[in-house]
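[1] Everything below, folded, please.
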Amino acid sequence: MAEEKQNFEDSLRKLEQLVSEMESGQLPLDEMMRRFEEGQKLAASCTRELDAIRRRIEKVVSAPNDPPQIEPLEIL
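    Predicted structure coming up:
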C-alpha cells in the first residue's frame, strides 16, 4: 500500500508522538523497533524538506537586488 504524503508539520507532530511513546517505556521491543523505523523515515523526510527550504532561502539571500525567483518546492 502506498504511503500518503504528509506535510512537514504533520510529519513533525507524528515524530514527536512516536518519541513520546518510545520514551514511555511501556512498549514491547517489537513495537519499539517498529516505531523507531517509522521515526527514522519521518526524520529523513523532514530533513529533506528543511534542506529544500534552506536552498530556496539561500537563493533569495544571495541575490538581494535581483527580483526573487519563484520555484516549486522540491519535496522528495
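[2] Report the buried residues of the helix or strand bottoming out on mean pLDDT in the chain.
    Counting by mean pLDDT, DSSP states H and E, the chain has its least confident helix or strand at helix 29-62, which shows a mean of 91. The neighbour-count check on helix 29-62 (16 or more other Cβ atoms under 10 Å) flags Met32, Arg35, Gly39, Leu42, Ser45, Cys46, Glu49, Ala52, Arg56 as buried. Just so you know, the C-beta spots here come from the backbone N, C-alpha and C atoms, and that holds for glycine as well.
[3] Mind checking the pLDDT average for stretch 6-23?
    The average pLDDT for stretch 6-23 rounds to 94.
[4] Could I get the CA-only coordinates of it as PDB?
    Extracted in PDB, the C-alpha atoms of stretch 6-23 (Å, rounded to 0.1, in the frame of the first residue of the first chain):
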ATOM      1  CA  GLN A   6       2.300  14.200   4.900                       C
ATOM      2  CA  ASN A   7       3.200  17.900   5.200                       C
ATOM      3  CA  PHE A   8       6.200  18.900   7.300                       C
ATOM      4  CA  GLU A   9       4.100  19.900  10.400                       C
ATOM      5  CA  ASP A  10       2.100  16.600  10.400                       C
ATOM      6  CA  SER A  11       5.300  14.600  10.000                       C
ATOM      7  CA  LEU A  12       7.000  16.500  12.900                       C
ATOM      8  CA  ARG A  13       3.900  16.000  15.100                       C
ATOM      9  CA  LYS A  14       3.900  12.300  14.300                       C
ATOM     10  CA  LEU A  15       7.600  12.100  15.000                       C
ATOM     11  CA  GLU A  16       7.100  13.800  18.400                       C
ATOM     12  CA  GLN A  17       4.300  11.400  19.200                       C
ATOM     13  CA  LEU A  18       6.500   8.400  18.300                       C
ATOM     14  CA  VAL A  19       9.300   9.600  20.600                       C
ATOM     15  CA  SER A  20       6.900  10.200  23.400                       C
ATOM     16  CA  GLU A  21       5.500   6.600  23.000                       C
ATOM     17  CA  MET A  22       9.000   5.200  22.900                       C
ATOM     18  CA  GLU A  23      10.100   7.200  26.000                       C
END
